[in-house]
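Participant: Pasting the sequence and the predicted model now:
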Amino acid sequence: MRISLLDRTRTRLGESDADAVTGTVERAVRAERLGLHRFWVAEHHSVPGIASAAPTVLLAAIGARTRTIRLGTGGIMLPNHTPLVAAEQVRLLEALHPGRIDVGIGASLAFTSAIRRALGRTTLDPEEHARAVEELRSYLHGGPDDAVVARPHVAPPPLFLLAIKNGLELAARLGLPAVIGGPLLRDTDATSAYVRDFRPSPAVPEPYLVASVDVAVAGSEERARDLLLPEIWALASSRETGGFTALRPLDDVRRLLDTASPKVRAAVDRGYGGVIAGTAEQVAAELAALTARTGAAEVLATTSTYDRHELAEADEALAALGR
C-alpha cells in the first residue's frame, strides 16, 4: 500500500503563521526520511487556521530541502487561476525538482463570499471548469510549435483531479487519476462508474484512485482519537462561528466541548465518523478495507493535531504500515 501525506499548513494557538509554514517544510523532510510516497500541500485563501495559500511557492521551498519524495499540489484551485499561469508555475517546479512534481487540481471556491469576491470568482460552472482542466493539460503536454507555450520546456508532470461533486465523472471522461475523500469513500457506485467509464489517455492508460482520509495511529484507539479531536473541533465549531481557526491544545478543546451547543457536539460526533484512528493493527485493517472498497491504490493521509511531537510520532507509525 502506498501511503502519502497532505499537509494543510495548519496554524496552532500561540504560534505564528511563519511557524506553521516552517512546520510544513520540516514535516516534508521527515516524510522523505520515513519513506512516504508523496507530500502534498494545499491552497486555502484568507483562512485563520491555514497559513499557506500558494502551494507552488511552498513546494519550491520543500523541494530545496528534499531529494526523493514526490511533491504535489493538493491542490491548485483552478477557478482562482488561468490555466496558462498554473501550467507555467508547475512547469517551473518540474524544472527545479525534475521527476518529483504532481499537479493536483481542484475546483473548490473560497471559504466565504467576501473571499470569493476578492478572488474574482463567486460561482462555478462545471463545464467551464472541465474546459479549464483540458486547457491546463494541453499547456503541460504542449510542444514548442504551439501558438501559446508554457515555459520552461520540461517533461509534463502528472495531473490528478480532486474529485468533488461530479469530479469523478470528469476524471473518467478526461482519463485522469482522481483523489477521493469524504462521502465518495463510501460511494461504491461512483468509484465503480469511474473505473467502468474511464477513457484511457496517452499519459494515463488505466484508472487510478487515491483515497484521502484523516488518519491517526497511536498506542491505543482512545489516544489516536484524541489526536484528531483538535482538527475535528475546529471544523465542527466553524459551522456555528463561521471561522475555521487555529488548532488548540487537547485540554482546551475538551473544556470547550463540555460547554458546546448540541449542534457542535453532534458535528464532532459526525466528524469522528469520517476518520480512521486506532492502533497500528486497527488502522492497517481499516485502510485495507478502505482500499478494497474503493479500489484505491494509494492512501493520502490528512493527519493533523496540535502537538507537533505527537504528529511526528503518528507520521512515523503510519509510514511503518506501508513498509
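Facilitator: In hand now; what should we look at?

Participant: got any ranges where the protein has weak pLDDT?
Facilitator: 144, 165 (pLDDT under 70).

Participant: Show me the strands in it, by range?
Facilitator: Applying DSSP state E to the chain gives strands spanning 2-7, 38-41, 70-77, 101-106, 159-162, 178-180, 209-217, 275-278, 298-301.

Participant: would you list those strands in CSV and tack on mean neighbour count and distance to S138?
Facilitator: Where you see a C-beta, it was placed from the backbone N, CA and C, and this is true even at glycine. Putting these into CSV (neighbours: other C-beta atoms under 10 Å; distance: least, C-beta to C-beta, whole Å) gives the following:
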stretch, mean neighbour count, distance to S138
strand 2-7, 22, 27
strand 38-41, 26, 23
strand 70-77, 25, 16
strand 101-106, 26, 13
strand 159-162, 25, 11
strand 178-180, 27, 19
strand 209-217, 25, 23
strand 275-278, 22, 38
strand 298-301, 24, 26
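
Participant: could those be laid out in JSON lines, adding distance to P200?
Facilitator: Compiled in JSON lines, the strands of the chain are given as follows (distance: least, C-beta to C-beta, whole Å):
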{"stretch": "strand 2-7", "distance to P200": "21"}
{"stretch": "strand 38-41", "distance to P200": "23"}
{"stretch": "strand 70-77", "distance to P200": "22"}
{"stretch": "strand 101-106", "distance to P200": "19"}
{"stretch": "strand 159-162", "distance to P200": "14"}
{"stretch": "strand 178-180", "distance to P200": "14"}
{"stretch": "strand 209-217", "distance to P200": "15"}
{"stretch": "strand 275-278", "distance to P200": "32"}
{"stretch": "strand 298-301", "distance to P200": "19"}
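
Participant: Of all the ones you listed, which one is nearest R116?
Facilitator: Across the strands of the chain, R116 has its closest neighbour in strand 70-77 (10.9 Å, C-beta to C-beta).

Participant: one step back: point out the one among the strands of the chain that comes closest to H141.
Facilitator: Of the strands of the chain, nearest to H141 by C-beta to C-beta is strand 159-162, at 9.1 Å.

Participant: Which other helices and strands does that closest one contact?
Facilitator: The contact analysis (3 or more C-beta pairs under 8 Å, 6 or more residues apart in numbering; DSSP states H and E) places strand 159-162 against strand 70-77, strand 101-106, helix 126-141, helix 167-174, strand 178-180.

Participant: now that strand, how far from the chain's geometric center?
Facilitator: With C-alpha atoms, centre = their mean, to the nearest Å as the basis, strand 159-162 stands 11 Å off its chain's centre.

Participant: Relative to the whole chain's centre, how far out is stretch 76-83?
Facilitator: 16 Å.

Participant: Stretch 301-313: end-to-end distance?
Facilitator: The first residue of stretch 301-313 is 14 Å away from its last residue (C-alpha to C-alpha, to the nearest Å).

Participant: buried residues in that stretch?
Facilitator: Using 16 or more other C-beta atoms under 10 Å as the test for burial, stretch 301-313 gives A301, T302, T303, S304, T305, Y306, E310, L311.

Participant: ditto for stretch 41-55
Facilitator: For stretch 41-55, a neighbour-count test (16+ other C-beta under 10 Å) marks V41, A42, E43, H44, H45, V47, G49, I50, A51, S52, A53, P55 as buried.
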